[in-house]
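Enquirer: I'd like to go over a predicted model; first the sequence, then the structure.
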Amino acid sequence: MAGEPIIGLEAITKTYGQGSAAFQALKGIDLDIAQGEFVAIMGASGSGKSTMMNILGCLDSPTSGVYRFKGVEVQSMTKDQRSLLRRRYLGFVFQGFNLLARTSALENVELPLLYRGEKKLARREAALKALDLVGLGPWAEHTPAELSGGQQQRVAIARALVTEPDVLLADEPTGNLDSERSIEIMELLAELNRNGITVLMVTHEAEMAAFARTIVHFRDGLIERIERGHRAETPVAG
């Protein structure tokens, strides 16, 4: 994939605490991610992968180094500009779904557009389109309690897609699902990726990571190795 990477990381570090209590979660990460890539980030607990995702999602800032999104240095942005980047260009999917319990699937998917100030009709049309994309159009009026775990995660993915983001950040998206539902969600993410969305996913599971084209293995705050252009064949410890 030619051209400038959509995400570029140079010597990214992240330190929590100070003095003798300081903990360096990231120790100098260099990574380029091309537009349209599907990247799985793997590693044991404490390896730095979740810290990395928080930085990529502008939910945290690096201690040092440079993070570029579409060529623009993120740390040079104002707080409002970073917030705009999150709302306009990034979609988030979490392990716990994070759906409003007493609210229909349609209304859950509409939420990001409500925060953006979109009019009711436009919100509804975009939300229905997103639900159709994930195969849940007929369930638009159902609440989360009336949906299976896999369906709830599809609603969460639709909510992430409704803003038409360039990058989908998925943090353990199959962590609360059984094997069959997990495969369904991964096949959906792979399909979305084939349709042009860049997908970055944290996972502990080699079987899920195998859906990605690139697998980045983290260990002790560093990138241990990168597998590109093929599916992983062996599970990774941790």
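Expert: Done, it's in. Just so it is clear, the structure is predicted and the values come from calculations on it, not from any experiment.

Enquirer: average pLDDT for stretch 24-39?
Expert: If you average the pLDDT over stretch 24-39, you get 96.

Enquirer: in that stretch, what counts as buried?
Expert: Buried positions in stretch 24-39, judged by neighbour count with 16 or more other Cβ atoms under 10 Å: 25-26, 29, 31, 33-39. The C-beta positions use only the backbone N, C-alpha and C, and glycine is treated the same way.

Enquirer: give me every residue that touches the spatially most central residue of the chain.
Expert: Note on the chain: the residue nearest the mean C-alpha position is residue 169, at 0.9 Å, using Cα atoms, centre = their mean. Taking Cβ atoms under 8 Å, 6 or more residues apart in numbering as the definition of contact, the neighbours of residue 169 are 53, 56-57, 90-93, 200-201.

Enquirer: Let's have these in a markdown table, adding neighbour count and secondary structure.
Expert: Supplementary listing: these in a markdown table, determined by neighbours: other Cβ atoms under 10 Å; DSSP: H, G, I helix; E, B strand; the rest coil:
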| residue | neighbour count | secondary structure |
| --- | --- | --- |
| 53 | 20 | helix |
| 56 | 24 | helix |
| 57 | 18 | coil |
| 90 | 21 | strand |
| 91 | 26 | strand |
| 92 | 19 | strand |
| 93 | 24 | strand |
| 200 | 24 | strand |
| 201 | 26 | strand |
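
Enquirer: of those, closest to residue 208?
Expert: residue 201 (7.6 Å; Cβ to Cβ).

Enquirer: Just confirm the closest one contacts residue 173, I think it does.
Expert: Yes - here residue 201 lies in contact with residue 173, judged by Cβ atoms under 8 Å, at a distance of 6.5 Å.

Enquirer: Give the intersection of the neighbour lists for those two.
Expert: Between them, residue 201 and residue 173 have residue 189 as joint contacts when contacts are counted by Cβ under 8 Å, 6+ apart.

Enquirer: what's the spacing between the residue nearest to the centre of the chain and residue 93?
Expert: When distances are taken as Cβ to Cβ, to the nearest Å, residue 169 and residue 93 turn out to be 7 Å apart.

Enquirer: same thing with residue 5?
Expert: Residue 5 sits 22 Å away from residue 93, going by Cβ to Cβ.

Enquirer: go on, residue 46?
Expert: Spatial separation of residue 46 from residue 93 under the definition Cβ to Cβ is 22 Å.

Enquirer: what sits against residue 201?
Expert: Residues touching residue 201, when contacts are defined by Cβ under 8 Å, 6+ apart, comprise 38-41, 169-171, 173, 189, 208-209, 212.

Enquirer: remind me which residues of this protein are low pLDDT?
Expert: 1-3, 230-238 (pLDDT under 70).

Enquirer: If we use 50, what do you get?
Expert: 1-2, 232-238 (pLDDT under 50).

Enquirer: Now do the helices in it.
Expert: Assigned helices in the chain, in chain order: 49-56, 79-89, 105-116, 120-133, 149-161, 179-194, 206-209 (criterion: DSSP state H).

Enquirer: looking at those helices, which is closest to residue 221?
Expert: Across the helices of the chain, the minimum distance to residue 221, taken as Cβ to Cβ, is reached by helix 49-56, at 8.2 Å.

Enquirer: quick one: residue 154 and residue 136 touch, right?
Expert: Yes - using Cβ under 8 Å, residue 154 and residue 136 qualify as a contacting pair, with a distance of 5.2 Å.
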